[in-house]
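Student: For reference, the sequence and a predicted model appear below.
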Amino acid sequence: MKDSTRNIQGWLLFTPAAILLLAFTHYPTITTFFQSLYTNKSIIRPRRFSGIEAYESMFSDPIFWKVFVNNMWLAVGTIPTSIGIAIIMALIVNKAIPGRGFLRMAYFTPTMLPMIAVANIWLFFYAPDIGLIDKVLEVFGFEGNNWLGNPSTVLPSIIVMTVWKEAGLFMVFYLAGLQTISPELEEAAKLEGSSRWNYFWRIQFPLLLPTTLFVLINAFLNSFKLVDHLFVLTKGGPDNASNLILYYIYETAFSFLDISYASALTIFLLALLALTALAQFFFLDRRTHYR
Amino acid sequence: MSAIEVKNLSRNYGDIDAVKDVSFTVPEKSFTVLLGPSGCGKSTILKMLSGLEQVSHGTINIGGSDVTEIEASKRGVSMVFQSYALFPHLNVKENIQFGLKVRKVPAEEREKKVKDAANVVGLTDLLDRKPANLSGGQRQRVALARSIVSEQSVCLMDEPLSNLDSKLRAEMRDEIRDLQKRLGLTVVYVTHDQVEAMSMADQIILLKLGEIVQVGAPEEIYNSPNSVFSAQFIGLPPMNVMNLNDIDISTLDSKIKPALESSIIKNIGIRPEHLLFSKKGLPVTVKSIDYFGGETVFKLTHQEKDFFLREPRQPKIQLGDKLFVSWNLDDMYLFDKNNQRLKS
């Protein structure tokens, strides 16, 4: 086959995917960017070019900073904990113990549930006085708390739920990582007198580093992408104490109908996630070469 | 004195007996090979010796003390694994000194020991490399160095050469044997390769289906196998074992015929190098000729049964030739109906 025919064939094969990508990913991204540079159109005022005004108001918007900091706290609160729990669960279900299959499924169940369903379950846990947590506390003589209604406990409550939801997914990655480690390594270490603890820190954990990096990036992305539960639990309240960037974008665009500002927020979030994805690209590729 | 003493050792997984009532001793500073086809339980025995596998019944005695219930790291054994079991994220030096670090050996002493061990196996220039950047033979050396540095008197090896190409395998065979002699190690070596067993062992323990078939020095097993299994497992090509019903006895030499009169004889065995082309005897047809340079192996058929003949010279014989073979009475092995050897 001639080179030119091969090229044409290649492009033809590429076209359907390219059209979908351009129409539903790249084109909306670019329009969003342009929308952020213009003011909103209304009946009395036409759209006009405003440059970076929307971005300026974003950086001076206290609510934006609040949701951004909330989001960072969510990341800090969920990522190390869920990774730690995921590793422990993976180590447990990697062993030949009776009921292993059941345990694996049990650990993975929260991940399979839709976020909305999870939120409904936890809504019951967190309900003041009649909720599961308050009921248990009552038994031990502690006072109840309106977990989701109190600005100082609402974000931690969301964090706990997110950890519960995410750890199972990360466990699957760690389990896959553990299973690539030859059991002979453990036997060799055992013969040398290495304790379980020593073996974990000197051998297993370093060998799981590529998995950890992958999970780390994914967990970070998820902490910005997962907001379904806010619709059920708090709607970002009270007083934006549990509001997150993506939910704030949704509110701005569809409740406050400020498309221009929502576009600016979207571009900010996009840039943040793109940077993270790039970091993933460079770090992960470099770290995994020894496999 | 024996370094290892195994008594009535068994291992069963549910209903399956992997190792059945095995007893043997390994003399100190000797090279003992556990030999057998796959599934004969040789690796299971090795793992039980190391403490990585539980013992169902029986006792294991290493260096004069009963270690049956003692954990792996306290038995005074080191091990070389089939896949080498090197830690992929650690360089050669860290791999070698892993155990020393676990045992909290001071840095200075550690340094010296690693240097010595690396020197012994010829790895001095490669200490900073990661296992992925080493050849198969070099990885094998790292595994050996790790075993040497532990300074245990007993070294267990689980098919350590099976992942190497044949030239390297021959080299490493000599090296391991040499190392064992120089360091005065007691080695228990598992393999399914009879060439390795024959060339390295002081003592071969031949296993089949979890049981010991024969124990002895290589030449002992080769020259006086106690069963058809021993006779055929060792030697390449294997011993020709022929059912008396399949051969035309009337054609045999008058010196051999009387020896076959007893009714308990079921099979006879002759090594390929003991079969001779001759003027009269068993009529055969040449089926294939494999020329190896130093020797030629003929595949012959007699009444549709195949057997091998090995010749150091290169006789002018062609495919399809009809010839006669005979053998000396002393070179013939006799087996009964249970495939056990009959002493003549």
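Tutor: Looks like it came in fine.

Student: and residue B:279, what is it in contact with?
Tutor: Residue B:279 is in contact with residue B:324, counting by CB atoms under 8 Å, 6 or more residues apart in numbering or on different chains. Where you see a C-beta, it was placed from the backbone N, CA and C, and this is true even at glycine.

Student: So it versus chain A, what's the distance?
Tutor: Residue B:279 sits at a distance of 59 Å from chain A (criterion: CB to the nearest CB, to the nearest Å).

Student: Chain neighbours aside, what residue packs nearest to residue B:143?
Tutor: Sequence neighbours aside, residue B:84 is the residue nearest to residue B:143 in space, at 4.3 Å (criterion: CB to CB, 6 or more residues apart in numbering or on different chains).

Student: residues touching the closest residue in space to residue B:207 that isn't next to it in sequence, list them.
Tutor: Leaving aside its sequence neighbours, residue B:207 sits nearest to residue B:36 (CB to CB, 6+ apart; 3.6 Å). By CB under 8 Å, 6+ apart, the residues touching residue B:36 are B:42, B:192, B:206, B:207, B:208, B:213, B:233.

Student: tell me the pLDDT at the residue nearest to residue A:134 when sequence neighbours are not counted?
Tutor: Nearest non-adjacent residue to residue A:134, counting by CB to CB, 6+ apart: residue A:144, 3.8 Å away. With respect to pLDDT, residue A:144 scores 73.

Student: what's the neighbour count on residue A:144?
Tutor: By the criterion of other CB atoms under 10 Å in any protein chain shown, residue A:144 has 15 neighbours.

Student: Work out which residue lies at the spatial centre of chain A.
Tutor: Taking CA atoms, centre = their mean, the centroid of chain A lies closest to residue A:222, which sits 1.1 Å from it.

Student: doesn't residue A:166 make contact with that one?
Tutor: Yes - look at residue A:222 against residue A:166 with CB atoms under 8 Å: they come within range, at 6.5 Å.

Student: quick check, residue A:16 in a strand?
Tutor: No - secondary structure of residue A:16 (DSSP: H, G, I helix; E, B strand; the rest coil): helix, not part of a strand.

Student: Around chain B, pick out the residues from the stretch 101-250 of chain A.
Tutor: Within the stretch 101-250 of chain A, the positions adjacent to chain B are A:182, A:184-185, A:187-195, A:198, A:202-203, A:206-207, A:209 by CB under 8 Å from any CB of the partner chain.

Student: ok, now how distant is the closest residue to residue B:242 other than its chain neighbours from chain A?
Tutor: Nearest residue to residue B:242 in three dimensions, chain neighbours excluded: residue B:268, at 5.6 Å (CB to CB, 6+ apart). Relative to chain A, residue B:268 is positioned 45 Å away (CB to the nearest CB).

Student: Tell me the buried residues within the residues of the stretch 101-250 of chain A next to chain B.
Tutor: A:182, A:184-185, A:187-194, A:202-203, A:207 (16 or more other CB atoms under 10 Å in any protein chain shown).

Student: about what we covered before: from the contacts of residue B:36, which two are the most distant?
Tutor: Farthest-apart pair in those is B:192 and B:213; separation 13.9 Å (CB to CB).

Student: per-residue pLDDT, the residue nearest to residue A:125 when sequence neighbours are not counted?
Tutor: Ranked by CB to CB, 6+ apart and with sequence neighbours excluded, the top spatial neighbour of residue A:125 is residue A:132, at 4.5 Å. Confidence at residue A:132, expressed as pLDDT, is 82.

Student: cool, and residue B:32?
Tutor: For residue B:32, the predicted pLDDT is 95.

Student: quick one: it is in a helix?
Tutor: No - read with three-state DSSP, residue B:32 is strand and lies in no helix.

Student: List the residues that contact it.
Tutor: B:26, B:186, B:187, B:188, B:189, B:201, B:202, B:203, B:204, B:205.

Student: what packs against the helix or strand encompassing the fifth one?
Tutor: Under the assignment given by DSSP states H and E, the secondary-structure element containing residue B:189 is strand B:186-191. Helices and strands in packing contact with strand B:186-191 are listed as strand B:2-13, strand B:16-27, strand B:31-35, helix B:42-50, strand B:154-158, helix B:194-200; criterion 3 or more CB pairs under 8 Å, 6 or more residues apart in numbering or on different chains; DSSP states H and E.
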